[in-house]
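In: coords below, sequence missing:
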Ligand SMILES: C[S@@+](CC[C@H](N)C(=O)[O-])C[C@H]1O[C@@H](n2cnc3c(N)ncnc32)[C@H](O)[C@@H]1O
């Protein structure tokens, strides 16, 4: 590595921004990697791994630090707390970095950041942890299951409690395990431009490793691949040409479930950046129209960029607030897609810090927003048309409970299909979808 101290300083900067300023980790990491594009691939991988890993395992790391430090984590200076966290992550989860190097680099970083007087403390805590790492006692699962699972899988207790309540212990444990796996990059072939076989060849020529998605529950997805071995998507000509779209396999199930007939008029009321709309427009094969709406200029611009990249003539972007009734759209749509803002607890492998930012109160507020939006946008569905409600979360209150509530309020709709997708070890985020049909 060219300058390991600098690399660690960048990681500390990322952690400070995420924990102190409340910024989203995936955005902060991406912007640092964009800014320091000249770094070697190995260094970029180190920054990503240590930043994401530290955030991913923060509850466990804090638990370990608290067992070896008289000053508890929440009383420490933020810089020191984050230096300890990223160092304990390397001690526990990265064999490639020798323990002595981890401790030395942490001490240097503390000094460099103006905390020379605390460098002895940092050194003492880390060396103590490194000596005793294999004999740490964790919370007793027999006495307090929730605390045990929370520390073991670094998941806030309120979320663990909620999932046990919603789905039972066995499912909760498998979901917690899945969230600690790395999320693969999955792509969907743009079938209007290329066949899956030809795309696979193109990607191989560009040095990308591809693997077919083989999933018994989703046999429809024979156009999807997992890809790896590339640095920047934008550096791939096949990406710039719009030959594929990066999308999680669970999200692909929206267009599959709608399975639109040619010439349909589809309204996607919360559409940015446009993944599901683009998929639907492609399925319409140049016929019909997908109107992709979102709240802000910035978001509708993202949709426009996707329309341009995929050269779709049957899709348009419109700026519109989904909570406000658009009289002109009443009874106009064959299909309304309501992929609504949600707690996002199903995508924690990609957005590692969501679990610390979300609270039960915010989730309850989201439920109210979702109901208001459903109440509004269901009016756009034609008689005989379809309303597709989806979220990327797993909590019943945002999913099944909302559907039950909706059907009670709107007896003119009936449930065709409802599916809770749990995150899977290999691919697929946590996702929910419900297909409702308006009676003719
Ligand atoms: C789950 S994301 C949609 C993802 C998108 N369907 C896709 O597959 O690419 C939810 C979207 O709702 C948008 N949103 C939030 N409040 C909104 C509102 N009042 N009206 C319209 N869109 C809104 C957000 O900007 C965000 O883009």
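Out: Cool, the structure landed. Note that the structure is a prediction, hence the values are computed from the model and not measured.

In: contacting residues around the closest residue to residue 57 other than its chain neighbours?
Out: Take residue 57 and drop its neighbours on the chain: the residue closest to it by CB to CB, 6 or more residues apart in numbering is residue 154, 4.8 Å away. Yep, even glycine has a C-beta here, placed from its N, CA and C like the rest. For residue 154, the contacting residues are 56, 57, 58, 59, 60, 61, 180, 355, by CB atoms under 8 Å, 6 or more residues apart in numbering.

In: what's the distance between the fourth one and residue 171?
Out: The reference is to residue 59. Between residue 59 and residue 171 the computed distance is 20 Å (CB to CB, to the nearest Å).

In: Next: the third one.
Out: Using CB to CB, we find residue 58 at a distance of 24 Å from residue 171.

In: Name the residue in those two with the higher neighbour count.
Out: residue 58 (22 against 15; other CB atoms under 10 Å).

In: Enumerate every residue touching the more buried one.
Out: For residue 58, counting by CB under 8 Å, 6+ apart, the contacting residues are 85, 154, 356.

In: burial count for residue 407?
Out: When neighbours are counted by other CB under 10 Å, residue 407 comes out with 15.

In: check contacts around it.
Out: Contact analysis of residue 407 by CB under 8 Å, 6+ apart lists 413, 414, 415, 436.

In: repeat that for 7 Å
Out: Applying CB atoms under 7 Å, 6 or more residues apart in numbering to residue 407 gives the contacts 413, 415.

In: That one should be in a strand, yeah?
Out: No - using DSSP: H, G, I helix; E, B strand; the rest coil, the secondary structure at residue 407 is helix, not a strand.

In: Farthest from the middle of this protein: give me that residue.
Out: In the chain, residue 117 marks the outermost C-alpha relative to the chain mean, sitting 39.3 Å out by CA atoms, centre = their mean.

In: Okay, residue 54 and residue 240: tell me how far apart.
Out: On the measure of CB to CB, residue 54 and residue 240 end up 33 Å apart.

In: In contact with the residue nearest the centre of the chain, which residues?
Out: Compute the mean C-alpha point of the chain, and by CA atoms, centre = their mean the closest residue is residue 347, 3.2 Å away. Neighbouring residues of residue 347 by CB under 7 Å, 6+ apart: 392, 429.

In: go on, residue 269?
Out: Counting by CB under 7 Å, 6+ apart, residue 269 touches 293, 322, 336, 337, 338, 377.

In: hmm, try it at 6 Å
Out: Contact partners of residue 269, counting by CB atoms under 6 Å, 6 or more residues apart in numbering, are 293, 322, 338, 377.

In: got those as JSON lines, with pLDDT columns?
Out: Formatted as JSON lines, the contacts of residue 269 follow (pLDDT from 0 to 100):
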{"residue": "293", "pLDDT": "98"}
{"residue": "322", "pLDDT": "98"}
{"residue": "338", "pLDDT": "98"}
{"residue": "377", "pLDDT": "98"}
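
In: And the furthest pair within those residues?
Out: Based on CB to CB, the longest span within these runs between 293 and 338 and measures 10.8 Å.

In: so where's the stretch 101-250 of the chain uncertain?
Out: Per-residue confidence for the stretch 101-250 of the chain (pLDDT under 70) gives these ranges: 215-220.

In: near the ligand at all, the longest helix along the chain?
Out: Longest helix in the chain, counting residues (DSSP state H): helix 360-377. No - Helix 360-377 stays clear of the ligand (CB under 6 Å from any ligand atom), getting no nearer than 6.9 Å.

In: On the C-terminal side of that helix, identify the next helix or strand.
Out: For helix 360-377, the following helix or strand on the C-terminal side (DSSP states H and E) is strand 381-391.

In: Show me the strands in the stretch 101-250 of the chain, by range?
Out: Counting by DSSP state E, counting those that start in this stretch, the stretch 101-250 of the chain has strands at residues 185-189, 209-212, 224-228, 244-246.

In: Please disregard the earlier target; I meant the stretch 251-400 of the chain.
Out: With DSSP E, counting those that start in this stretch as the criterion, the stretch 251-400 of the chain has strands spanning 265-268, 289-294, 315-319, 333-339, 381-391.

In: Direction included, what does the first one pair against?
Out: Paired strands of strand 265-268, with direction, are strand 289-294 (parallel), strand 333-339 (parallel) (DSSP bridges).

In: With the third one instead?
Out: Sheet neighbours of strand 315-319, with direction, are listed as strand 289-294 (parallel) (DSSP bridges).

In: Give me the buried positions along the strand it pairs with.
Out: 289, 290, 291, 292, 293, 294 (16 or more other CB atoms under 10 Å).

In: What are the structural domain limits within this protein?
Out: Here the domain parsing of the chain from automatic domain parsing is 4-135, 145-179, 181-246, 249-438.

In: Measure how far the longest one is from the centre of its chain, please.
Out: Think domain 249-438. Computed by CA atoms, centre = their mean, to the nearest Å, the separation of domain 249-438 from the middle of its chain amounts to 16 Å.
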